[in-house]
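Engineer: Let's see this in three dimensions:
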Amino acid sequence: MTTPPPPAPSRVVVCRDCCCGTSKLPGVDHEAQTARLRQTVPTRVSTCLDVCDQANVVVVQPSAAGRAAGARPVWLGLVNDPDATEDIVAWVRAGGPGVAPMPPILDLYVFTPPHRRGAG
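Structural biologist: Residues are numbered from 1 along each chain as shown. Modelled structure (predicted):
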């Protein structure tokens, strides 16, 4: 008898392309941010997410349990300091969207990407 795989966890997508993760944002340690996310939570690095005015962009995707509770991906923009990265890590480790309450400070980073405006 095989054991079913564990439910899909909350995940992070971090944009690293034309604006996010580049020298266009001086003083931001993009490599350290990416490394911190990768070492602590399931992370995927993406090419351009087409919201360059919000660089650095991090999308927190809900876990299977979060989706079952009705959660949708949460888009966070201007994530350019280590404290914000740590808040994201703590939230994802606690369960992420639909499972754990988002730290109130992250409300400052939430935005609706253009392709989602007006959707459902």
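Engineer: Per-residue pLDDT of S23, please?
Structural biologist: Here, the pLDDT recorded for S23 equals 80.
Engineer: Output the longest helix belonging to the protein.
Structural biologist: helix 82-94 (DSSP state H).
Engineer: what's the distance between the nearest residue to V99 once chain neighbours are set aside and V59?
Structural biologist: Leaving aside its sequence neighbours, V99 sits nearest to G66 (C-beta to C-beta, 6 or more residues apart in numbering; 4.9 Å). Every residue, glycine included, has its C-beta placed from N, CA and C. Relative to V59, G66 is positioned 13 Å away (C-beta to C-beta, to the nearest Å).
Engineer: the more surrounded of the two?
Structural biologist: Remark: of G66 and V59, G66 carries more neighbours, 24 against 19, as counted by other C-beta atoms under 10 Å.
Engineer: hang on, isn't that one packed against G95?
Structural biologist: Yes - when contacts are counted by C-beta atoms under 8 Å, G66 is listed as touching G95 (7.0 Å).
Engineer: tell me, what's touching the two both at once?
Structural biologist: Both G66 and G95 are in contact with S10, where contact means C-beta atoms under 8 Å, 6 or more residues apart in numbering.
Engineer: And the strands in the protein, which stretches?
Structural biologist: 11-15, 43-46, 58-61, 74-76 (DSSP state E).
Engineer: Contacts for the longest one next, please.
Structural biologist: For strand 11-15, contacts defined as C-beta under 8 Å, 6+ apart pick out 20-21, 33-34, 37, 41-49, 51, 55-61, 63, 88, 92.
Engineer: Quickly run through the sheet partners of it, with directions.
Structural biologist: strand 43-46 (parallel), strand 58-61 (antiparallel) (DSSP bridges).
Engineer: who are the neighbours in contact with C18?
Structural biologist: Contacts of C18 (C-beta under 8 Å, 6+ apart): 48, 52.
Engineer: do you know how far it is from L108?
Structural biologist: 24 Å.
Engineer: ok, now P26?
Structural biologist: Counting by C-beta to C-beta - P26 and L108 are separated by 21 Å.
Engineer: cool, and V74?
Structural biologist: From V74 to L108 the distance is 13 Å (C-beta to C-beta).
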